[in-house]
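Undergrad: One predicted model, sequence on top.
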Amino acid sequence: MNMYKLDTKLMHPRDQITRIIDKIYHEGLTTTSGGNVSIMDKNGDLWITPAGIDKGSLRPSDIMQVKKDGTIVGPHRPSSEYPFHRDIYKLRPDIKAVIHAHPPALVSFSIVRQIPNTNIFPQAKNICGKIGYADYALPGSEELGIKIAEQFDKGFNAVIMENHGCCIGGTDLLDTFQRFETLELSCSIIIYGNMIGKPHYLTDEQIAQIDSRVPALFPELDNVEHPSDERGIREEIKNIVHRSCEQGMMISSYGTASVRWRGNDFLITPANVSRWDIENEDIVQIKNGKKEPEKIPSRYTWLHQEIYKRFPHVNSIILAQSPFLMAYGITHQKFDVRTIPESWIFLQDIPNVSFDSLFAGQETILNTLSQKCPAVIIENDSVLVTGDNLLATFDKLEVAEFSAKSLTLGSSLGKLVPINSKEIEDLRKKFIG
């Protein structure tokens, strides 16, 4: 069972908050004493994390209730940041959940007093929107609450708190967490990108192009069968997606995996389910160019379909936004795997293709992939990895991300020195043939 599965319709606010704060803490996005989470329920009662209680071991019984009339119920004190949660809900009745935390990348922006540009990726812009900025005020003070609430009143759903952290709101707790997680990932990638080059950003027109590809428009199957081999693939995809989230290769709002089933038919992750919530029944079957009824497959289903048609040797595909690989994706720098023997053996060369190649009949991507080139970086979008089976494809993604991390961190030490041509040829003869 997925310990972090979040049902915002059926779970009590106490349970929702406990699961999300546990995930935030164990992903290293807040500290034992830092951060707070709240929900405004339909009765007008506010549920919030307590003050001074270990964020790594909170139980549902620790969550505090502040009733509509101001009565406080629970064994502790409400978070010291309760005032700005209260003020946000007063000014923005559409917001039903708030997260405040001190994730490292967002804090970095807050202390250099910059606002991240969310046009770094399509879903960053779509999920996060433009980011507000609240000037410094004493933590826990009424003044801080007013300054943050003013930003939300302007229409922002995410606010950088000067020299402090961030405050994120949403229609429910899952929506809020996805915005929080996506913004932190975007900030991390921008920071890593600045270590190796200069980030490039998408125009609003480019983002609108990707939004126009609506996966729901795939025609629907009349009859769907689930034989044992098909059910086995569902389990395999679910496990790899959950593992990808645990390893930091995917986040709740982004990441796609598919596996060839029979012929050119395949199964693929859905577009509208949190990646760490995905279960077997959420996976979408694509058969004869048609989708399983009442499900929305990944918006990149069309690309997976063309790859399976073009390359009989490919049996699985992963698209992800692992942070260090995407530092190369946003700077348009060459990711040189010739610096590490094991990386080159697994990956050989990983070229960049432009973001606009997603709209040019996908021929650039298809003409770049081959048995000798199993992966490409799609600039300002994702890394695409292919393989014979899903575990091997995930392994390639992991090796590539670890290598990109070493190269990015190594860039701060001095000039990176690649393996020379003779050493590459020796590797080719021994391991590639």
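TA: All right, it came through fine.
Undergrad: which sections of this protein are below the confidence cut-off?
TA: 1-4, 212-216, 360-361, 433 (pLDDT under 70).
Undergrad: Could you list everything the spatially most central residue of the chain pairs with in the sheet?
TA: Compute the mean C-alpha point of the chain, and by CA atoms, centre = their mean the closest residue is residue 251, 2.9 Å away. Following DSSP bridges, residue 251 is listed with bridge partners residue 254.
Undergrad: what residues are up against it?
TA: When contacts are counted by CB atoms under 8 Å, 6 or more residues apart in numbering, residue 251 touches 178, 181-182, 185, 245, 275, 321. (Glycine included, C-beta is placed from N, CA and C.)
Undergrad: Give me the PyMOL select line for the residues you listed, limited to the buried ones.
TA: Typed into PyMOL, the line below selects the buried ones among these, using 16 or more other CB atoms under 10 Å:
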select buried, resi 178+181+182+185+245+275+321
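Undergrad: Give me the subset of the contacts of residue 251 lying in strands.
TA: With strands taken from DSSP state E, there is no overlap with these.
Undergrad: Can I get the contacts of residue 251 in TSV including distance to residue 83?
TA: Below are those laid out as TSV (distance: CB to CB, whole Å):
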residue	distance to residue 83
178	25
181	25
182	27
185	29
245	34
275	34
321	35
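Undergrad: Which of the contacts of residue 251 lies at the shortest distance from residue 336?
TA: Nearest to residue 336, judged by CB to CB, of the contacts of residue 251 is residue 321 at 20.2 Å.
Undergrad: Next, count neighbours for the residue nearest to residue 242 when sequence neighbours are not counted.
TA: Setting aside the residues directly before and after it, residue 242 is nearest to residue 276 in space (CB to CB, 6 or more residues apart in numbering), at 6.2 Å. The tally of other residues near residue 276 (other CB atoms under 10 Å) stands at 21.
Undergrad: can you check residue 416 too?
TA: Counted with other CB under 10 Å, residue 416 comes out at 14.
Undergrad: Also the one 4 residues further on?
TA: Neighbour count of residue 420, defined by other CB under 10 Å: 10.
Undergrad: same thing with residue 217?
TA: By other CB under 10 Å, 9 other residues sit near residue 217.
Undergrad: quick one: it from residue 302, how far?
TA: As for residue 217, its distance to residue 302 is 10 Å (criterion: CB to CB, to the nearest Å).
Undergrad: returning to that earlier point: state the distance from the residue nearest to the centre of the chain to residue 431.
TA: Residue 251 sits 33 Å away from residue 431, going by CB to CB.
Undergrad: what domains does the record give for this structure?
TA: With automatic domain parsing as the criterion, the domains of the chain are listed as 13-196, 234-432.
Undergrad: one step back: my read: the residue nearest to residue 242 touches residue 244, true?
TA: No - Residue 276 is beyond contact range of residue 244, at 9.2 Å (criterion: CB atoms under 8 Å).
Undergrad: is it true that residue 87 lies in a strand?
TA: No - with DSSP: H, G, I helix; E, B strand; the rest coil as the criterion, residue 87 is located in helix rather than a strand.
Undergrad: and the gap between it and residue 293?
TA: Going from residue 87 to residue 293 by CB to CB gives 45 Å.
Undergrad: more crowded one of the two?
TA: Taking other CB under 10 Å, residue 87 and residue 293 do not tie; residue 87 has more neighbours (20 against 12).
Undergrad: List the contacts of the more buried one.
TA: Here residue 87 is in contact with 145-146, 148-149 (CB under 8 Å, 6+ apart).
Undergrad: Near the residue lying closest to residue 176 once chain neighbours are set aside, how many other residues are there?
TA: Excluding the flanking residues, the one nearest residue 176 by CB to CB, 6+ apart is residue 170, at 3.3 Å. By the criterion of other CB under 10 Å, residue 170 has 22 neighbours.
Undergrad: Kindly state the beta-bridge partners for residue 170.
TA: Beta-bridge partners for residue 170, by DSSP bridges, are residue 97.
Undergrad: List the contacts of it.
TA: 95-97, 157, 176-179.
Undergrad: same question, residue 151
TA: Each residue near residue 151 by CB under 8 Å, 6+ apart is listed here: 132-134, 159.
Undergrad: how long is stretch 157-165 end to end?
TA: Stretch 157-165 has an end-to-end distance of 14 Å (criterion: CA to CA, to the nearest Å).
Undergrad: Next: stretch 89-109.
TA: 25 Å.
Undergrad: Please identify the buried residues of that stretch?
TA: Those would be 89, 92, 95-103, 105-107, 109, for stretch 89-109 by 16+ other CB under 10 Å.
Undergrad: Same question for stretch 149-159.
TA: Going by neighbour count (16+ other CB under 10 Å), the buried part of stretch 149-159 is 149-152, 156-159.
Undergrad: Tell me the one of those residues nearest residue 289?
TA: Of all the buried residues of stretch 149-159, residue 157 has the smallest distance to residue 289: 37.1 Å, by CB to CB.
Undergrad: That closest one and residue 171 touch, don't they?
TA: No - with contact defined as CB under 8 Å, residue 157 does not reach residue 171; the gap is 9.2 Å.
Undergrad: Quick check: neighbours shared by those two?
TA: Counting by CB under 8 Å, 6+ apart, the residues touching both residue 157 and residue 171 are residue 95.
Undergrad: those helices in the stretch 151-300 of the chain, which residues are they?
TA: For the stretch 151-300 of the chain, the helices defined by DSSP state H, counting those that start in this stretch occupy 173-196, 204-211, 228-246.
Undergrad: tell me what the longest one is packed against?
TA: Contact analysis of helix 173-196 by 3 or more CB pairs under 8 Å, 6 or more residues apart in numbering; DSSP states H and E lists helix 13-26, strand 97-101, helix 104-112, helix 122-128, strand 158-161, strand 165-170, helix 323-331, helix 390-410 as its packing neighbours.
Undergrad: of all these, which lies closest to residue 342?
TA: Proximity of the helices and strands packed on helix 173-196 to residue 342 was assessed by CB to CB; the nearest stretch is helix 390-410, lying at 6.8 Å.
Undergrad: which residues touch that closest one?
TA: Contacts with helix 390-410, where a contact means CB under 8 Å, 6+ apart, come from 192, 195-196, 236-237, 240, 243-244, 247, 249, 257, 259, 315-318, 320, 322-325, 327-328, 335-337, 339-340, 342-343, 346-347, 350, 374-375, 383, 385-387, 416.
Undergrad: Tell me who's in contact with residue 384.
TA: Contacts for residue 384 (CB under 8 Å, 6+ apart) come out as 303, 317-319, 365, 369, 375-378.
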